[in-house]
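> The sequence and its predicted three-dimensional model are supplied below.
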Amino acid sequence: MKILVIGGGGREHALCWKIAQSPLVNTLYCAPGNPGIAAVAECVHIGADEIEALCDFALAERIDLTIVGPEVPLTMGIVDRFQAAGLDIFGPNRAAAQIEGSKGFSKELMVRHNIPTAAYKSFTDHAAAVAYIREQGAPIVVKADGLAAGKGVIVAMTEAEAITAVDDIMLDRVFGAAGSSVVIEEFMEGEEASFFAFTDGTNILPLATSQDHKRIFDNDEGPNTGGMGAYSPAPVVTAALHDVIVETIVRPTIAGMASDGTPYVGILYVGLMIRDGKPRVVEYNARFGDPEAQPLLMRMKSDIVPVLQACARGELKQESIEWHDKAAVCVVMASGGYPDVLETGFEIHGLEAASAIDDLVVFHAGTALKDGVIVNSGGRVLGVTALGNTVAEAIATAYRGVAAISWPGAQFRSDIGQKALNR
């Protein structure tokens, strides 16, 4: 098979690393890729949002299956375009990708199909949004309706913080067009977890559990980011709770999307808040989480390619995925200044030393090749990911890898996985 992966971040490096192991695959491309991906796939210099150029490439190279990594091309309709050209592609079409592309769309879906989530209201009027915050009080959560690269959610502990967030989103447009509407919702207490399931629009195939760390600093302090680390499995999701999530959230979501005329195909990410053993939906994503993909794909024993192809063709009959008994932990190393003004262009030292550590893979996200050396070029730069017989062992190995790598201003959290140990 010839396979094309679209994207150039840590999630796409993990996907390429896993897909390259499949005996079914003889040629693997990634567009645009990155220096780490170049070790396992042929990188093609086409941007993830250049849909016509990507479609032309897939037709010219007779690509058997395309896998879309990031959310932006999904919400732009890349799946619709490829399918119209007769190409197999893994991911939801434009209508279904609204589950991530619009917070309002996803909240309405949950209300319609009795899926447990926080109480909310949507606003396009700034004054009405501010009045609602004053009426409800704090803590309260303010969300830009559209895509904001994982940063459009503000958990406000005071009314003043919430009103400032509404000002930033609706008046100052810090998230651009994503802020033309806001969703303001009830603050949910509890422990977060990430739940993923493959689906062909009808059948579902759940993955192992995972948990990510959104905040920039230790102890979940500082602003939200795209994710500073993740681990799998997540002990907060017990076997019994796993079944509850599938039956009360995942199945009703997929069935609801189908009955609404927007069948959902691909991988569904459900961000959960769990309190007293009861799960509620925080958000949906229309693709693999990043950094959750890194530990999940390192733990996956089964060949991922037949599952991806079965989803794309509406033929998902597989009952389960085989997983390594080991735990996996991913620690994200980010540029100085992240998530605000980035300090980039520095040579990254120690990549070879870290990669030589057993049971450890360094997934590249924001890296580039400059004058023959690898430099940091984005916010989240590397996902240092390790396996271990226990979560504690995986944490220790991952941080050994982190200790081997350096560049000026590099930052990372030192407490990834601690919630699992505390259980």
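Okay, I see it.

> got the contact list for A368?
34-35, 374-375, 377 (Cβ atoms under 8 Å, 6 or more residues apart in numbering). Heads up, the C-betas are built off the backbone N, CA and C, glycines and all.

> thought G226 was touching G378?
No. G226 is not in contact with G378 according to Cβ atoms under 8 Å; the separation is 10.0 Å.

> Now do the domain split for this structure, please.
2-91, 125-180, 191-313, 327-422 (automatic domain parsing).

> Which of these has the lowest mean pLDDT?
Lowest mean pLDDT within those: domain 125-180, a mean of 89.

> May I see the domains of the chain arranged in TSV, with distance to G104 as well?
Shown next, in TSV, are these (distance: least, Cβ to Cβ, whole Å):
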stretch	distance to G104
domain 2-91	14
domain 125-180	5
domain 191-313	12
domain 327-422	24
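
> the strands in the stretch 51-200 of the chain, which residues?
Under the criterion DSSP state E, counting those that start in this stretch, the stretch 51-200 of the chain contains strands at 65-68, 89-90, 120-123, 140-144, 153-156, 182-186, 191-199.

> Tell me if I'm right that A156 and P139 touch.
Yes. Applying Cβ under 8 Å as the test, A156 and P139 come out as touching, 6.4 Å apart.

> ok, those two, which is more surrounded?
Per other Cβ atoms under 10 Å, whichever of A156 and P139 has more neighbours is A156, with 20 against 16.

> separation between the more buried one and S181?
Distance, A156 to S181, by Cβ to Cβ, to the nearest Å: 18 Å.

> P279 now?
26 Å.

> Over to P306?
P306 is 40 Å from S181, by Cβ to Cβ.

> Count the residues that sit near the closest residue to V130 other than its chain neighbours.
Computed as Cβ to Cβ, 6 or more residues apart in numbering, the closest residue to V130 that is not its neighbour in sequence is I163, at 5.5 Å. Residues within reach of I163, counting by other Cβ under 10 Å, total 18.

> Identify the residues contacting the one helix or strand A394 maps to?
Element membership for A394 (DSSP states H and E) is helix 391-404. For helix 391-404, the surrounding residues in contact (Cβ under 8 Å, 6+ apart) are 231, 326-331, 333, 350, 353-354, 357-360, 362, 384-388, 412, 414, 416-418, 420-421.

> How about G336, nearest residue that isn't a chain neighbour?
Nearest to G336 is G409, by Cβ to Cβ, 6+ apart, at 2.3 Å.

> I meant D200, not that one.
D200's closest residue in space is L316 (Cβ to Cβ, 6+ apart), at 3.8 Å.

> Can you give me the distance of the one you found to L308?
10 Å.

> Can you check which residues contact both of those two?
In contact with both L316 and L308: F198, using Cβ under 8 Å, 6+ apart.

> Looking at these two, which is more packed in?
Here L316 and L308 are compared on neighbour count by other Cβ under 10 Å; more neighbours surround L308, at 26 against 21.

> my guess is the more buried one contacts G91, does it?
No. The pair L308 / G91 is not scored as a contact, 9.7 Å apart, by Cβ under 8 Å.

> Between the two, which contacts overlap?
In contact with both L308 and G91: I67, using Cβ under 8 Å, 6+ apart.

> Past the one helix or strand G256 maps to, which element shows up next along the chain?
Counting by DSSP H and E, the element that carries G256 is helix 251-259. Past helix 251-259, further along toward the C-terminus, the next helix or strand under DSSP H and E is strand 266-275.

> So what are the sheet partners of that following strand and their directions?
With DSSP bridges as the test, strand 266-275 is paired with strand 191-199 (antiparallel), strand 278-285 (antiparallel).

> Could you single out the most deeply buried of these?
Greatest average neighbour count among those goes to strand 191-199 (a mean of 22), per mean count of other Cβ atoms under 10 Å.

> what's the helix holding G256 packed up against?
helix 103-112, strand 266-275 (3 or more Cβ pairs under 8 Å, 6 or more residues apart in numbering; DSSP states H and E).

> got the CA positions of it in PDB?
Written as PDB, here are the backbone C-alpha positions of helix 251-259 (Å, rounded to 0.1, in the frame of the first residue of the first chain):
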ATOM      1  CA  ARG A 251     -22.400   5.400  21.200                       C
ATOM      2  CA  PRO A 252     -25.000   8.200  21.500                       C
ATOM      3  CA  THR A 253     -22.600  10.600  19.900                       C
ATOM      4  CA  ILE A 254     -22.000   8.400  16.800                       C
ATOM      5  CA  ALA A 255     -25.700   7.400  16.600                       C
ATOM      6  CA  GLY A 256     -26.800  11.000  17.100                       C
ATOM      7  CA  MET A 257     -24.500  12.300  14.400                       C
ATOM      8  CA  ALA A 258     -25.800   9.600  12.000                       C
ATOM      9  CA  SER A 259     -29.500  10.400  12.800                       C
END
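
> how about it: buried residues?
Using 16 or more other Cβ atoms under 10 Å as the test for burial, helix 251-259 gives 252-254, 256-257.

> Next up, the contacts around the nearest residue to V250 once chain neighbours are set aside.
Among residues not flanking V250 along the chain, A197 sits closest, at 5.1 Å (Cβ to Cβ, 6+ apart). By Cβ under 8 Å, 6+ apart, the residues touching A197 are 204-207, 246, 250, 254, 267-268, 270.

> Show me just the buried residues among the residues you listed.
204-207, 250, 254, 267-268, 270.

> Would you reformat these as TSV and include distance to G9?
TSV is the format used below for the buried ones among the contacts of A197 (distance: Cβ to Cβ, whole Å):
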residue	distance to G9
I204	26
L205	24
P206	24
L207	19
V250	25
I254	26
I267	15
L268	19
V270	21
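
> Pick out whichever of these sits closest to G47.
For these, the residue nearest G47 by Cβ to Cβ is I267; the value is 22.0 Å.

> gap between the closest one and F82?
17 Å.

> repeat for Y132
41 Å.

> higher neighbour count, the two?
Neighbour comparison, Y132 and F82: the larger count goes to F82, with 26 against 17 (by other Cβ under 10 Å).

> Leaving out chain neighbours, which residue sits closest to the more buried one?
I89 (4.1 Å).

> Cheers, nothing more for now.
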